[in-house]
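Trainee: when you get a sec, could you give me coordinates for this:
(one chain, ligands or ions: 1)
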Amino acid sequence: MNNTLFQDHAFGITTIDTGFMRPGFDASHLLVENNHAVYLDVGTTHSVPRLLEALQAKNIPVENVDYVIVTHVHLDHAGGAGKLMLALPNAQLVVHPRGARHKIDPTRLIAGAIAVYGEKTFKKDYGEVVPVAKERIVIAEDEHVIDFQGRPLLFLDTPGHARHHFCIFDERSKSFFTGDMFGISYRELDTPKDSFIFATSAPVQFEPLPMHDSINRLLSYQPEKMYLTHYGEVSNVAKLADKLHDSVDKQVLLTESFANSGDARHQLLFNAIMDYLLEEIRQLNCPLSEEACRKILAPDVELNTQGLEFWWDKSLSEK
Ligand SMILES: [Zn+2]
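Mentor: I've put the predicted structure just below:
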């Protein structure tokens with residue numbers, strides 16, 4: 001079944017639109033086996049009714065959701081986990097060792113998000129962040145395996161975007177659920193030629209070298225598909241990985257080139273990243289207008305700029 005709420009793929013995998021920001025921006029994934037289900041990333045607290053609606057459309061009872069998995073604790077991926085868990089009596093929340101305490105007590109996470117987005121936007125976009133009871137949390141260290149109804153799910157520690165980020169390999173479908181580690185690739189920018197993809201260097205734990213390593217580590221499993229939170233299924237994985245590596249290097253180079261620009265740095269870097277991405281899109285013969293593309297990319301370019309500046313200033317202070 002395919003509609004504006006969700007799209008079905010092979011192997012019982014479904015992309016659900018969480019409704020965060022705009023259509024086609026933020027996905028949750030549902031994995032179904034034996035009439036049981038797992039959610040992978042969940043959007044925000046406002047997304048919970050949509051996630052439950054998709055489950056109901058598949059006639060899966062809430063009692064049959066075994067796990068809620070969050071790739072990392074950023075709120076567009078994990079903000080709704082606490083609220084969702086209240087509706088799922090038998091589910092356990094699977095989280096990275098560095099993320100667990102933020103799910104039990106989200107206070108610091110909320111403060112961090114308010115610092116990035118401001119209080120008003122935070123309240124409107126994310127709503128209340130409900131804590132998760134400690135005894136319902138499973139911590140997945142590197143190479144942890146969960147047996148989901150006879151279907152092994154392997155967890156790999158993948159720093160680069162955030163230090164509390166893992167990716168999940170589903171052996172059955174030979175695919176990864178990548179959170180933000182395999183970049184951002186919006187379906188509305190797809191062309192017959194290719195998919196547009198770029199690395200996300202959002203604040204505050206972007207690290208270029210670990211990001212390259214994590215991308216290579218995912219590739220070493222020879223995955224056939226990647227399921228991105230932003231957004232959905234991509235194929236041609238090896239080719240997209242090359243582009244991702246390039247986009248990490250390019251963004252780092254641009255950051256270096258504006259290192260001495262003082263107060264003008266933020267705007268200059270923002271403009272340079274935007275121009276770079278627009279040029280990449282142009283080369284794919286994207287039918288959308290430049291203005292439409294700018295509008296789609298602006299929030300990500302802003303976050304990337306902030307993340308790159310944060311990384312640069314931090315690495316200088318460590319030298
Ligand atoms: Zn994200």
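
Trainee: chain center to stretch 89-99, what's the gap?
Mentor: 16 Å (Cα atoms, centre = their mean, to the nearest Å).

Trainee: what sits up against it?
Mentor: Stretch 89-99 is touched from outside by 62-70, 72-73, 78, 81, 85, 103, 132, 136-141, 146, 155, 157, 163-166, with contacts defined as Cβ atoms under 8 Å, 6 or more residues apart in numbering. Glycine gets a C-beta too; all of them are placed from N, C-alpha and C.

Trainee: before we move on, what about stretch 247-255?
Mentor: Here stretch 247-255 makes contact (Cβ under 8 Å, 6+ apart) with 183, 197-199, 201, 208, 211-212, 269, 272-273, 276, 280, 304, 308-309, 311-312.

Trainee: equivalent analysis for stretch 126-133, please.
Mentor: Contacts of stretch 126-133 (Cβ under 8 Å, 6+ apart): 44-46, 75, 79, 81-83, 85-86, 93, 103-106, 109-110, 113.

Trainee: average pLDDT for that stretch?
Mentor: Average pLDDT, stretch 126-133: 93.

Trainee: quick check: the gap between residue 24 and the ion.
Mentor: As judged by Cβ to the ion, to the nearest Å, residue 24 and the ion stand 14 Å apart.

Trainee: what sits closest to residue 298 if chain neighbours are left out?
Mentor: If the residues on either side of it in the chain are set aside, residue 298 comes closest to residue 274, at 7.5 Å by Cβ to Cβ, 6 or more residues apart in numbering.

Trainee: helix, strand or coil: sort out the one you found for me.
Mentor: helix (DSSP: H, G, I helix; E, B strand; the rest coil).

Trainee: give me the neighbour count for it.
Mentor: 19 (other Cβ atoms under 10 Å).

Trainee: can you show me the CA trace of the helix or strand where residue 246 lies as CSV?
Mentor: Here residue 246 sits within helix 237-257, counting by DSSP states H and E. Extracted C-alpha coordinates of helix 237-257, given in CSV (Å, rounded to 0.1, in the frame of the first residue of the first chain):
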residue,chain,number,x,y,z
VAL,A,237,24.6,2.6,-2.5
ALA,A,238,28.3,2.6,-3.5
LYS,A,239,27.9,5.5,-5.9
LEU,A,240,26.0,7.5,-3.3
ALA,A,241,28.7,6.8,-0.8
ASP,A,242,31.3,8.3,-3.1
LYS,A,243,29.2,11.5,-3.3
LEU,A,244,28.8,11.6,0.5
HIS,A,245,32.6,11.3,1.0
ASP,A,246,33.0,14.2,-1.5
SER,A,247,30.4,16.3,0.3
VAL,A,248,32.1,15.9,3.6
ASP,A,249,35.5,17.0,2.1
LYS,A,250,33.9,19.9,0.2
GLN,A,251,32.1,21.2,3.3
VAL,A,252,35.3,20.9,5.4
LEU,A,253,37.3,22.8,2.6
LEU,A,254,34.8,25.6,2.5
THR,A,255,34.9,25.9,6.3
GLU,A,256,38.7,26.2,6.2
SER,A,257,38.5,28.8,3.4
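
Trainee: and the helix or strand bottoming out on mean pLDDT in the chain, what does it pack against?
Mentor: In the chain, no helix or strand scores lower on mean pLDDT, DSSP states H and E than helix 107-117, which sits at a mean of 87. Counting contacts by 3 or more Cβ pairs under 8 Å, 6 or more residues apart in numbering; DSSP states H and E, helix 107-117 packs against helix 119-126.
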